[in-house]
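1. Need a 3D model of the sequence below.
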Amino acid sequence: MDWITGVLALIGATLVLLAAVGIVRMPDLFTRMQAATKASTLGLGCLLAAAAMAIPDSSVLVRALSIGAFVMLTSPVSNHVIARAAYLTKVPLWSGTIVDEWRSDKKPEVDPEA
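-> All right, here's what the predicted structure looks like:
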């Protein structure tokens, strides 16, 4: 059980570190948000699972599950709202962005063979 707890804690800490690196290294707001949201949510889940396994108490388990559920429910919604507000205020996209589905002045390409 200690090995599983240690592995979960190591994986969680690594994912949280990768989220921090993603915030620093990604080129624009939208890719930074994606890197931070996905890696940090999964990392926090692993850390909470490790904490719940390390301290075998029902109150710790309930707290870990509550925190995990709260983060899983609020993180995608809050990041969507932030991304939408950033896009509508015309925060510049990365120059390597290929698809911009919200852009209204460019019609989607239609495959003539389809």
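
2. if I look at Ser58, how far off is Ala52?
-> 10 Å (CB to CB, to the nearest Å). Quick note: C-beta positions are derived from backbone N, CA and C, even for glycine.

3. Ala20: which element?
-> According to DSSP states H and E, Ala20 maps onto helix 2-25.

4. Whatever helix or strand comes next after that helix: which residues count as buried?
-> The C-terminal neighbour of helix 2-25 among helices and strands, as given by DSSP H and E, is helix 29-54. Using 16 or more other CB atoms under 10 Å as the test for burial, helix 29-54 gives 29-33, 35-53.

5. Quick check, Trp94 in contact with Arg32.
-> No - under the criterion of CB atoms under 8 Å, Trp94 is not in contact with Arg32, lying 10.0 Å apart.

6. Please spell out which residues along the helix holding Ala20 are buried.
-> Applying 16+ other CB under 10 Å to helix 2-25 flags 5, 8-9, 11-12, 15-16, 18-19, 22 as buried.

7. any chance of those in JSON lines, with distance to Met72 and pLDDT too?
-> Formatted as JSON lines, those follow (distance: CB to CB, whole Å; pLDDT from 0 to 100):
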{"residue": "Thr5", "distance to Met72": "21", "pLDDT": "94"}
{"residue": "Leu8", "distance to Met72": "17", "pLDDT": "94"}
{"residue": "Ala9", "distance to Met72": "19", "pLDDT": "95"}
{"residue": "Ile11", "distance to Met72": "17", "pLDDT": "95"}
{"residue": "Gly12", "distance to Met72": "15", "pLDDT": "94"}
{"residue": "Leu15", "distance to Met72": "15", "pLDDT": "92"}
{"residue": "Val16", "distance to Met72": "16", "pLDDT": "91"}
{"residue": "Leu18", "distance to Met72": "19", "pLDDT": "90"}
{"residue": "Ala19", "distance to Met72": "15", "pLDDT": "89"}
{"residue": "Gly22", "distance to Met72": "19", "pLDDT": "87"}
